[in-house]
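> build me a model:
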Amino acid sequence: MTTSKRKQTSISKRSVKLQKIKFKKSWKYNIVMIVDGIELDPNNLPKHIAIIMDGNKRWAQENSVSVMRGHREGLERVIESLGVCEELGISVLTLFAFSTENWKRSSKEISGLLKLFKYFFDREFKNLKK
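Presented below is the predicted three-dimensional model:
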């Protein structure tokens, strides 16, 4: 995703509150929670945001859904974040999605996660600008 020829959006012309990207009130471990509600100066937006995915399994357990559903929901929030970054002109997004600790999970969950990552990357790659 690059911004070299990005056209200005109405968002960049005014002060931005990231609370507009609060995805779901029930998403307790929201990836944007650390910046939710912070007022940003449109003339001084970050060029790089890092997302650390955490809490998908806890969210799934608290909402009585499968762990894989929790992981899918988490990845959908990342995809939504890509759109927000694009809209705000944030050109670099780093995603930390799988730590060495994750290798201690069941082989079924690891396999499911890797398949899920591949599915999302294949699906979304075409939407990224070069």
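
> sketch out the low-pLDDT regions of the protein for me.
Low-confidence segments of the chain, defined by pLDDT under 70: 1-43, 128-130.

> so where's the longest helix in it?
Among the segments of the chain that qualify as a helix by DSSP state H, the longest is helix 67-88.

> if you count neighbours, what's buried in the helix or strand just after that helix?
Towards the C-terminus, the helix or strand next in line after helix 67-88, according to DSSP states H and E, is strand 92-96. Buried positions in strand 92-96, judged by neighbour count with 16 or more other CB atoms under 10 Å: 93, 95. Quick note: C-beta positions are derived from backbone N, CA and C, even for glycine.

> C-terminal to strand 92-96, what's the next element?
Per DSSP H and E, the first helix or strand lying C-terminal to strand 92-96 is helix 107-125.

> which positions within that following helix qualify as buried?
Those would be 112-113, 116, 120, for helix 107-125 by 16+ other CB under 10 Å.

> now do stretch 67-76
So for stretch 67-76, counting by 16+ other CB under 10 Å, buried means 67-68, 70-75.

> so what touches that stretch?
Applying CB atoms under 8 Å, 6 or more residues apart in numbering, the contact partners of stretch 67-76 are 27, 31, 53, 55-61, 63, 109, 112-113, 116-117, 120.
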